[in-house]
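Peer 1: kindly return the folded structure for what I paste below:
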Amino acid sequence: MKNTIRTLIAATFALSLIACEESDYYDDTPPEPPKNLFVKTGDSKTEISWDYNREKDVSGYNIYYSGSYDGKYELIGSSETNFYVDRDAVNGEKYFYAVTAYDFSGNESELSYDYAYGIARPEGFNQTVFDYLKFPESSGYSFAKYTMVPFDGVDADFFFENFNGEYFLNVWYDSDIQDMGVTNSIYDISFAPADGWISMKEGENVKYVKAIVGHTYVIWTLDNHFAKIRISQITEQRIVFDWAYQLLDGERQLKRAITERSGKLTLIKR
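Peer 2: So this is what the prediction gives:
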């Protein structure tokens, strides 16, 4: 009986020591910075995603933006998941994004190291242009004006042609076009290619590719802007398409790259 009592006393004492040790524990270790930021652009918005942190005590993430990669980063929101939508993005403005992780004790990591930026841009859906041989005044499209225009007007970035039952997208000699193949949506092509553009055939003043339903095409305009269209429907007289247009001169839309920052960046919290 005495041995049993002694054992119980010893066990109680050991548990009390553990409780004291746990009550004295203070967590001041921040999580690791989040990794693999990816930015997807839309019309007046950008979507930011990243990998979940592996630490079990992470309770959420803070999202920051800056006008330059090495600039001052300002807090724009928080998320309990690995996804955030910046709905205040202005079309044509370049934003660099970074994310921190914070734990239940309030410790916040450093900014993520990824070189991640987004440029929101206008887009349109279910737009129509007509065959230029039959409807010349409504066969071209102007991305800058967001509307159909005459195929031979100065604002026409591309125009549609039904040539004896074969369908084509045409651009003038001072522009470029490229078929990016089958896509599920206009969002599948995130940046313009650096090469692979269609060459102009001798004796002609246009460049052209076959128009195919479900394909996305990238267009390099006369004034050094990039655009993309995805064809959803073709008839003998018209095509129906979705489009997106980059307002920033010379910007090939988004090309994801990862690099490390040199030193800790400055945060502005509001």
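Peer 1: spell out for me which residue occupies the centre of the protein.
Peer 2: Centroid-nearest residue in the chain, with Cα atoms, centre = their mean: residue 40, separated by 1.4 Å.
Peer 1: which residues does the residue nearest to that one when sequence neighbours are not counted contact?
Peer 2: Closest residue to residue 40 apart from its sequence neighbours, by Cβ to Cβ, 6 or more residues apart in numbering: residue 47 at 4.4 Å. Every C-beta, even on glycine, is put in place using the N, C-alpha and C of the backbone. Residue 47 makes contact with 39, 40, 41, 83, 84, 85, 86 under the criterion Cβ atoms under 8 Å, 6 or more residues apart in numbering.
Peer 1: most neighbours, which of these?
Peer 2: residue 41 (24 neighbours; other Cβ atoms under 10 Å).
Peer 1: after the host helix or strand of it, next one along is what?
Peer 2: Following DSSP states H and E, one finds residue 41 within strand 38-42. Sequence-wise, the next helix or strand downstream of strand 38-42 (DSSP H and E) is strand 45-49.
Peer 1: angle of that following strand against strand 38-42?
Peer 2: 160 degrees (axes from the mean of the first three to the mean of the last three Cα atoms, to 10 degrees).
Peer 1: so which bits of the helix or strand just after strand 45-49 are buried?
Peer 2: Sequence order places strand 58-66 as the next helix or strand after strand 45-49, per DSSP H and E. Judged by neighbour count (16 or more other Cβ atoms under 10 Å), strand 58-66 contains these buried residues: 58, 61, 62, 63, 64, 65, 66.
Peer 1: quick one, helices of the stretch 151-270 of the chain?
Peer 2: For the stretch 151-270 of the chain, no helices are identified by DSSP state H, counting those that start in this stretch.
Peer 1: next one: the closest residue to residue 188 other than its chain neighbours from residue 181, what distance?
Peer 2: Distances taken as Cβ to Cβ, 6+ apart put residue 216 closest to residue 188, at 6.6 Å, once the chain neighbours are dropped. Computed as Cβ to Cβ, to the nearest Å, the residue 216 to residue 181 distance reads 7 Å.
Peer 1: looking at those two, which has the bigger crowd around it?
Peer 2: Ranked by neighbour count (other Cβ under 10 Å), residue 216 and residue 181 place residue 216 first, with 25 against 12.
Peer 1: contacting residues around that one?
Peer 2: Residues counted as contacts of residue 216 (Cβ under 8 Å, 6+ apart) are 180, 181, 183, 186, 188, 189, 228, 229, 230.
Peer 1: wait, what's in contact with the fourth one?
Peer 2: The neighbours of residue 186, taking Cβ under 8 Å, 6+ apart as the test, are 123, 216, 228, 229, 230, 242, 243, 244.
Peer 1: let's see 7 Å
Peer 2: Applying Cβ atoms under 7 Å, 6 or more residues apart in numbering to residue 186 gives the contacts 123, 216, 228, 230, 242, 244.
Peer 1: may I ask which of those has the most neighbours?
Peer 2: Highest neighbour count within these: residue 228, with 28 neighbours (other Cβ under 10 Å).
Peer 1: find the nearest non-adjacent residue to that residue, please.
Peer 2: residue 218 is the one closest to residue 228 (Cβ to Cβ, 6+ apart), at 5.0 Å.
Peer 1: please apply the same query to residue 226.
Peer 2: Using Cβ to Cβ, 6+ apart, the closest residue to residue 226 is residue 192 (4.1 Å).
Peer 1: the one you found: neighbour count?
Peer 2: 22.
Peer 1: I figured it hits residue 224, correct?
Peer 2: No. Between residue 192 and residue 224 there is no contact under Cβ atoms under 7 Å: 11.1 Å.
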